[in-house]
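J.: need coordinates for the following:
(2 chains)
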Number of protein chains: 2
Amino acid sequence: MEGYKSFLFFLISSLLLGFALVIFVLVWVLHYSDGLAWNGDSAEFNWHPVLIITGFVFMEGIAVIVYRLPWTWKCSKLLMKFIHAGLHLTAAVLVIIALVAVFDFHNAKKIPNMYSLHSWVGLVVVILFMLQIVVSIVVFLIPTTPVSVRAALMPVHVYGGLLLFGGVIGTALMGITEKLIFSLKNPPYSSLPPHAIFVNTLGILIVVFGGLIIWIATRPDWKRPPEPTVKEHSSYRETSIPPPEYSKTDKSDVELNSEAARKRNLNLDEAGQRSTM
Amino acid sequence: MEGYKSFLFFLISSLLLGFALVIFVLVWVLHYSDGLAWNGDSAEFNWHPVLIITGFVFMEGIAVIVYRLPWTWKCSKLLMKFIHAGLHLTAAVLVIIALVAVFDFHNAKKIPNMYSLHSWVGLVVVILFMLQIVVSIVVFLIPTTPVSVRAALMPVHVYGGLLLFGGVIGTALMGITEKLIFSLKNPPYSSLPPHAIFVNTLGILIVVFGGLIIWIATRPDWKRPPEPTVKEHSSYRETSIPPPEYSKTDKSDVELNSEAARKRNLNLDEAGQRSTM
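T.: Next up is the predicted model:
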């Protein structure tokens, strides 16, 4: 891997920051707010930020970069796909519980649902996230899906995943803004009490975490290398679609020259011919 | 250009949406709010969303994709750099006026400054945006900057630009959230009056605009083709750095085969050897 030390720096920073996010949100609800419970009160609402930040920010962030971990490059692509999908599905379950918590709290307190921009953007993000999961399972995990369909949808899958991750972060920032305005009355948010400084800092850390994850995910040098050539050839044979680059190349040459393979692989990526996320 | 029709669809959609954003924010402040003035009152505050959405969202969005317009590919790279920088500088002026408007309004009304997460993230984005402009002028516009420095900083420049654009959108969404909570009291935001529906819709359109611009900016097929080979060679000669790919290639071949040139050019981009944004 080119720039391995730089990769390690970004990976460790994002992991530390990810754990810090979870600790920050727990301190927020347990120390500055009313704790966690399932009682229709603000302690039930508190599950919303805890589960969103744990599942939709931290876990999603890891899911986005899981193919980039060089220690997993010896594992089969299928195993990595299952881990990638598993992280997304676990995040989806946490997100659903987070939504139930906030709707249940609103209903118990007779607070209207779905009026704020946070809720509008959030609902769009959740619906598109669920759609992305279903489409991706059909396209990238069911073995009979033609390679041409996978190739056509890969750029949309990758872009959609990163856009949704960015959308989650934007929605979380709006949620924090709303919650601090509503819950900080005496002293008010505008007097910037420790509670406000602490949660604003959480917001800034969420943005930095998002920036690190998207940087890692978009460096071409840090992509998972291509699958072994024989397998790639056979999968193309099954679907009777000629491999776009390898067909012109001597197989043993590709297997021996991993740098050449990496460069060719980047070309495949550009055409969306290879699954990297 | 590969996928020209698709490019046109995304470009026209984003332009229409960009103009719609400006119209929406004008209708917001002129019809639903207190209009525009410079009087220390809410009409002065209103310059803040108008100038941010016009300068920091719409104009910035166009600046991000200006190299992608195939009709400009006959223009010199230097001219396009000036247009790119000019759009950013114009946006920077509008953003500064937008900040003055909100600080002036706060001071006149004795509202504290810089307490909300919107203001924290917003200030970080503005500082990094100004820093990006200064560094980019030094690195990419001053002719004596070595190509190796340009190459090293290009991926950071491109990523930083897109991240800042995303940061602007996230900050704008928090700003809309704050403003609707503070200004809608009777009827309240939670009762979702037409004012709230209209401005929530503006928020959703900002997100869609951001998604379209980043899609256009990140499609490899829609990048500006490389500069004429002779020029490229001579600029490498000046700095005594060998061109990474062309050195192995017959020059006339490159000039004749534009598709091959485009593919090689993608390799240059990966190494940050070419300025594309």
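J.: what residues does the stretch 151-277 of chain A have near chain B?
T.: A:155, A:159, A:163, A:166-167, A:169-171, A:173-174, A:176-178, A:180-182, A:189-192, A:196, A:199-200, A:203-204, A:207, A:211, A:214-215, A:218-221, A:263, A:266-267, A:270 (CB under 8 Å from any CB of the partner chain). In short, each C-beta sits where N, CA and C put it, glycine included.
J.: how is chain A divided into domains?
T.: Residue ranges for each domain of chain A read A:4-224, A:228-277, as given by automatic domain parsing.
J.: distance between the first one and the chain's centre?
T.: For domain A:4-224, the distance between its averaged C-alpha position and the chain's averaged C-alpha position is 7 Å (CA atoms, centre = their mean, to the nearest Å).
J.: chain A: helices as residue ranges?
T.: In chain A, the segments counted as helices under DSSP state H are A:4-27, A:42-45, A:47-51, A:60-65, A:77-108, A:117-136, A:147-183, A:194-218, A:229-238, A:251-256, A:258-270.
J.: poorly predicted segments of the stretch 101-250 of chain A, please.
T.: For the stretch 101-250 of chain A, the stretches with pLDDT under 70 are A:228-250.
J.: still on that earlier bit, out of the helices of chain A, nearest to B:F7?
T.: B:F7 sits nearest to helix A:147-183 of all the helices of chain A, at 13.8 Å, using CB to CB.
J.: how many neighbours does A:V57 have?
T.: Look at A:V57: counted by other CB atoms under 10 Å in any protein chain shown, it has 25 neighbours.
J.: ok, now A:I181?
T.: A:I181 has 19 nearby residues by other CB under 10 Å.
J.: ok, it touching A:Y189?
T.: Yes. Between A:I181 and A:Y189 there is a contact under CB atoms under 8 Å: 5.6 Å.
J.: which among the residues of the stretch 151-277 of chain A next to chain B end up buried?
T.: A:155, A:159, A:163, A:166-167, A:169-171, A:173-174, A:176-178, A:180-181, A:189, A:192, A:196, A:199-200, A:203, A:207, A:211, A:214-215, A:218-220, A:266-267, A:270 (16 or more other CB atoms under 10 Å in any protein chain shown).
J.: residue contacts, the most centrally placed residue in chain A?
T.: Among the residues of chain A, the one closest to the centroid is A:E60, at 3.0 Å (CA atoms, centre = their mean). Neighbouring residues of A:E60 by CB atoms under 8 Å, 6 or more residues apart in numbering or on different chains: A:L87, A:H88, A:A91, A:F165, A:V168.
J.: swap in 7 Å and give it another go.
T.: A:A91, A:F165, A:V168 (CB atoms under 7 Å, 6 or more residues apart in numbering or on different chains).
J.: how near is the second one to B:V125?
T.: Distance from A:F165 to B:V125, counting by CB to CB, to the nearest Å: 18 Å.
J.: same check on the first one?
T.: When CB to CB is the yardstick, A:A91 and B:V125 sit 27 Å from each other.
J.: tally up the residues packed near A:L11, please.
T.: 18.
J.: grab the nearest non-local neighbour of it.
T.: Nearest non-adjacent residue to A:L11, counting by CB to CB, 6 or more residues apart in numbering or on different chains: A:I216, 6.6 Å away.
J.: with A:H118 instead?
T.: In space, and not counting its chain neighbours, A:H118 is closest to A:M174: 3.9 Å by CB to CB, 6+ apart.
J.: wait, what's in contact with that neighbour?
T.: So A:M174 contacts A:L117, A:H118, A:V121, B:L173, B:M174, B:T177 (CB under 7 Å, 6+ apart).
J.: those: which two are farthest apart?
T.: The widest separation within the contacts of A:M174, taken as CB to CB, falls between A:V121 and B:M174 and amounts to 11.1 Å.
J.: give the rounded mean pLDDT of stretch A:87-97.
T.: In this model, stretch A:87-97 carries a mean pLDDT of 98.
J.: mind listing residues that contact it?
T.: Taking CB under 7 Å, 6+ apart as the rule, stretch A:87-97 contacts A:47, A:51-52, A:54-56, A:59-60, A:62-63, A:66, A:126, A:129-130, A:133.
J.: CA-only coordinates of that stretch in CSV, if you can.
T.: Taking C-alpha atoms only, stretch A:87-97 is exported to CSV below (Å, rounded to 0.1, in the frame of the first residue of the first chain):
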residue,chain,number,x,y,z
LEU,A,87,-22.2,-3.1,9.7
HIS,A,88,-24.8,-1.3,7.6
LEU,A,89,-27.6,-3.6,8.7
THR,A,90,-26.6,-3.2,12.4
ALA,A,91,-26.6,0.6,11.9
ALA,A,92,-30.0,0.4,10.3
VAL,A,93,-31.4,-1.5,13.3
LEU,A,94,-29.9,1.2,15.7
VAL,A,95,-31.4,4.0,13.5
ILE,A,96,-34.9,2.4,13.6
ILE,A,97,-34.8,2.2,17.4
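J.: how about that stretch: buried residues?
T.: Here stretch A:87-97 shows A:L87, A:H88, A:A91, A:A92, A:L94, A:V95, A:I97 as buried, counting by 16+ other CB under 10 Å.
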